[in-house]
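[1] Need the 3D shape of this:
(chains A and B)
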Amino acid sequence: MPKTALKPFLKYVGRRFFFLILTYFVAITIIFILPRAIPGNPLSQLLSRIAVQGAANPETISNVQKSLMEEFGVGKPIIVQYLSFLGRLFRGDLGTSINFYPKKCLDVLAPFIPWTLFLLIPATLTAWIIGNTLGAVAGNKRGTWMDNLVLNTSLVISQIPYYWLGMLLIYTFSVKLGIFPTQGGYAQGLLPSFSFKFITSVLYHYVLPFLSIVIAAIGGWAIGTRLLVIYELDADYTIFAVNLGMRDRTVFKYVFRNILLPQITGLALNLGSALGGALITELIFNYPGTGYILFRALSTLDYPLIQAIFVILIVAIYFANFIVDFVYAIVDPRIRLGQGEGS
Amino acid sequence: MKDTLILSLENVRSYYAKGNYYVKAVDGVSFNIFKGEVVGIVGESGSGKSTLSNVMIMNIKKPLNFIEGKVILNVGANFLELNTLPRQELQKIIWGRETSIVPQSAMNALMPTKKIRDFISDLVKDHFERALNEEEIIERAKQRFTDVGLSPNDIYRYPFELSGGMRQRAVIAMATLLNPRLLICDEPTSALDVANQKLVLKTLEQLRKREIVESIVFITHDIATVRQIATRMVVMYAGKIVENSPVEDIIKDPLHPYSRGLLLSVVTPEPEIKKRGISFIPGTPPDLANPPIGCRFHPRCPYKMDICEKEEPPLKKVDTNREVACFLFNK
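    As a prediction, the model looks like this:
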């Protein structure tokens, strides 16, 4: 990168960073308010569990409830709760889970995160690469049988609900054919380790959830890319290049380069939200990911855990966004050099 | 023949396939372009003049179909019948090297995410086996940029770093980089302000005078522009040539009723036309999917005769260097 290009580049990155902080603040406020808008008492489940386990002495329970309310700040005015939430967050404390009391939220989440990332990042990337390639080829060969095949298949696939696709895969490959297991991240009874047996078991259980995510996502990417390619193949710069005798391959390279820019944004957003897990897919396959734990947290109104998941998720999405802006600035000179700011 | 022939079209028909019928955009067009000429092709929107520019370089892409005719181009040593060459051959040895098109909208004609210099690299790589010409071509590009009034260092910039007028000139410089024999300009001035229009016309004139390009075809609906730059004017109507005459002759004395109507409807008239006042041609251009039988202009023609509704008037010589397709001059 030449020296002259550096200053607007830094300015661009700085501006992005400012907006990042601002929107992060807004998002955190929203995830604080939303779970509290759901009717119900988050402590009731925990209390009933304690009641079952311990002596059913109403006075003890009442005392426990008091101390728990103190601990979680449930009875306090909402603004006080909010400020203490912000204060703790600022110190990097995501709070204690109500449902898994007295475990810290981070400790509850930690074992699930690698599973989710392991499932979603390869699946998202695979779908992105296959979908974009198919779409680009179809758009480039517009009107041929190949285009028709890709377009129609993509349209059908992208409209299939992914959870239904997951159930269909389980029905076909597990129930009927018996090739793959129906559920879980690895065979029951195995302990997570780096043994050959464990790894093969994981991969064996990995196939169906992976496929269900990849297949469901390919269609959308392919349709979007195909449209972008068709549009770009009609663009003024394409026609000029063709009339100058540029080879079809060179022209296609230009087009592909230009259509990838918007697609990179989509990819990054998808990767960022990967940390939140594929909620329904993970439930269907009983896969030990963050989507699964989020479902547990939501159904028990575990405020701190819900907040913790979303705080991490938002950070991840923002981080992905920031990386995208960065990559974008590198691949697209119009953004790097600040188009429209006057030169 | 006293002049060197550059391009010759012989009875060319090229139609757009629309479902199960054809739109006859270029229908039986014949004309020659000689060395040193600037030919203005004039017609209203939908007369097939932009399609004609694609046919001249044989860039036939679906839904456009080449039906019949010959497109013959002088390539220096000999003449090539372009309509017999495969697309790869045309891309490699004809387009960009022998012919070039300056497009209608030059604003976005350059690859937006590449520096102009890198674009030149790709252009050279696609045309020549070895890249040994590249340095020479870069030097030539700098020279050409200077010629069109840009800084030689502008080739190291991205297109979006140039203003509209600069981009237009950069496009002309790029289009003429490989010294094409024939330069086709498709309404290159229609999106520019008057000052930039003048500059572009001057640049084109310069390129021809210095014999960087041997002939120019200027496609436009703007007669004032043709008057400034062209030596000969070809008037198209509904996919056919109705008149082909030297510019001064056609301005003084248009033969075909359509040419006359076109000249009379100019809003910023030349002094000669001003005297006659402004009028318009009644009616609308015909649907090219189903053109009228006989002369295609007859439903709008004030001099219509019986024969006009039955037979198509052929393009005939009426003077040493004038051709017209009208029964008024061809009994």
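
[2] Where does whichever residue of the stretch 1-150 of chain A sits closest to chain B sit: helix, strand or coil?
    Closest residue of the stretch 1-150 of chain A to chain B, C-beta to the nearest C-beta: residue A:143 (7.1 Å). C-beta here means a position set from N, CA and C on the backbone, and glycine is covered the same way. Per DSSP: H, G, I helix; E, B strand; the rest coil, the local secondary structure of residue A:143 is coil.

[3] Return the residues in contact with it.
    By C-beta atoms under 8 Å, 6 or more residues apart in numbering or on different chains, the contact set of residue A:143 is residue B:62.

[4] Quick check: which ranges of chain A have low pLDDT?
    Residue ranges of chain A with pLDDT under 70: A:1-6, A:53-56, A:277, A:338-343.

[5] domain ranges for it?
    A:19-109, A:114-288 (automatic domain parsing).

[6] Let me know which of those is tucked in deepest.
    Of all the domains of chain A, domain A:114-288 has the most neighbours on average by mean count of other C-beta atoms under 10 Å in any protein chain shown, namely a mean of 18.

[7] what are the ranges of the helices in the stretch 101-250 of chain A?
    Secondary structure of the stretch 101-250 of chain A (DSSP state H, counting those that start in this stretch): helices at A:105-109, A:113-140, A:145-159, A:162-169, A:196-233, A:236-243, A:248-273.

[8] what would the ones you listed look like in TSV with distance to residue A:22?
    Output for the helices of the stretch 101-250 of chain A, formatted as TSV (distance: least, C-beta to C-beta, whole Å):
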stretch	distance to residue A:22
helix A:105-109	25
helix A:113-140	27
helix A:145-159	34
helix A:162-169	33
helix A:196-233	29
helix A:236-243	36
helix A:248-273	18
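
[9] what sits against the nearest residue to residue A:158 once chain neighbours are set aside?
    Distances taken as C-beta to C-beta, 6 or more residues apart in numbering or on different chains place residue A:219 nearest to residue A:158, at 3.1 Å, with adjacent residues excluded. The neighbours of residue A:219, taking C-beta under 8 Å, 6+ apart as the test, are A:131, A:153, A:154, A:155, A:156, A:157, A:158, A:159.

[10] One more pass at 10 Å, please.
    The contact partners of residue A:219, by C-beta atoms under 10 Å, 6 or more residues apart in numbering or on different chains, come to A:127, A:131, A:134-135, A:150-151, A:153-160.

[11] Can you report phi and psi for the residue of the stretch 1-150 of chain A closest to chain B?
    Dihedral pair for residue A:143: phi 90, psi -10, per degrees, to the nearest 10.

[12] ok, residue B:144 to chain A distance?
    Per C-beta to the nearest C-beta, to the nearest Å, residue B:144 is found 14 Å from chain A.

[13] Now for residue 188: which residues touch it?
    This is for chain A. Contacts of residue A:188 by C-beta under 10 Å, 6+ apart are A:181, A:201.

[14] if you could check chain B rather than the one you did, that'd help
    Residue B:188 sits in contact with B:101-106, B:168, B:171-172, B:175, B:197, B:200-201, B:203-204, B:218-220, B:225, where contact means C-beta under 10 Å, 6+ apart.

[15] Could you grab the helix/strand/coil label for it?
    Under three-state DSSP, residue B:188 comes out as coil.

[16] Equivalent analysis for residue B:80, please.
    strand.

[17] now residue B:29
    Three-state call for residue B:29 (three-state DSSP): strand.

[18] Quick check: it touching residue B:323?
    No. Using C-beta atoms under 10 Å, residue B:29 is not in contact with residue B:323; the gap is 11.9 Å.

[19] and for the two, which residues touch both?
    Common neighbours of residue B:29 and residue B:323 (C-beta under 10 Å, 6+ apart) are B:234, B:241, B:315.

[20] quick one: residue B:285 and residue B:28, what's the gap?
    Here the criterion is C-beta to C-beta, to the nearest Å. By it, residue B:285 lies 17 Å from residue B:28.
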